[in-house]
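Trainee: Sequence first, predicted coordinates after that:
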Amino acid sequence: MTRILGIDPGSRITGYGVVDVTQNTQRYIASGSIKVVADDFPARLHQIFQGVSEVVELHQPQQMAIEQVFMHKNADSALKLGQARGAAICAGMNQGLPVFEYAARQIKQALVGKGNADKKQVQHMVKILLNLQGELQADAGDALGVCLCHIHHQQTEQRLQQKIS
């Protein structure tokens, strides 16, 4: 069994999801969000670092997967998102986790089958694949999508390695 921590980074809300995977089955463990309350940006980054560190300590994942930054229309927003992402990556690396990165398009492709899927389609597939009922908080759902994308990519890579061998 491998436990995966998925991160959907944000400078105000960072979503997280934790999924266990054994061969071809995945099981939901936890999800939520780290809500940042500080006004100054360095303090927000520190809260993200601490929040991700606490999630890692609590759930003990073996791997971390995180969404890559995509270019926003506003360069300042993209820079802030990149810094928030960096704080989350450092929290995982600080605790010895290997970190895997996926573009939003890759995540949508892995879950829905098309890279231009909308958020509702992604959320719907996350709920189906993890057999979840009820409403799923958006950032937590996106983080679970990152987990599922990582699982899909790892399983595909393993199958390719078996064919090569």
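Mentor: All right, it came through fine.

Trainee: What is the burial count for Ala88?
Mentor: Counted with other Cβ atoms under 10 Å, residues neighbouring Ala88 total 29. Every C-beta, even on glycine, is put in place using the N, C-alpha and C of the backbone.

Trainee: Next up, the contacts around it.
Mentor: Ile7, Pro9, Thr14, Ile48, Phe49, Val52, Ile66 (Cβ atoms under 8 Å, 6 or more residues apart in numbering).

Trainee: Can you name the two of those residues that sit furthest apart?
Mentor: With Cβ to Cβ as the measure, no two of these lie farther apart than Phe49 and Ile66, at 13.4 Å.

Trainee: still on that earlier bit, now intersect the contacts of Ala88 with the helices, please.
Mentor: Ile48, Phe49, Val52 (DSSP state H).

Trainee: circling back: pick out whichever of Phe49 and Ile66 has more residues nearby.
Mentor: More crowded of Phe49 and Ile66, by other Cβ under 10 Å: Ile66, with 25 against 20.

Trainee: partners of the closest residue to that one other than its chain neighbours in the sheet?
Mentor: Spatially, and ignoring its direct neighbours in sequence, Ile66 is nearest to Ile7 (4.3 Å; Cβ to Cβ, 6 or more residues apart in numbering). Beta-bridge partners recorded for Ile7 (DSSP bridges): Tyr16, Ile66.
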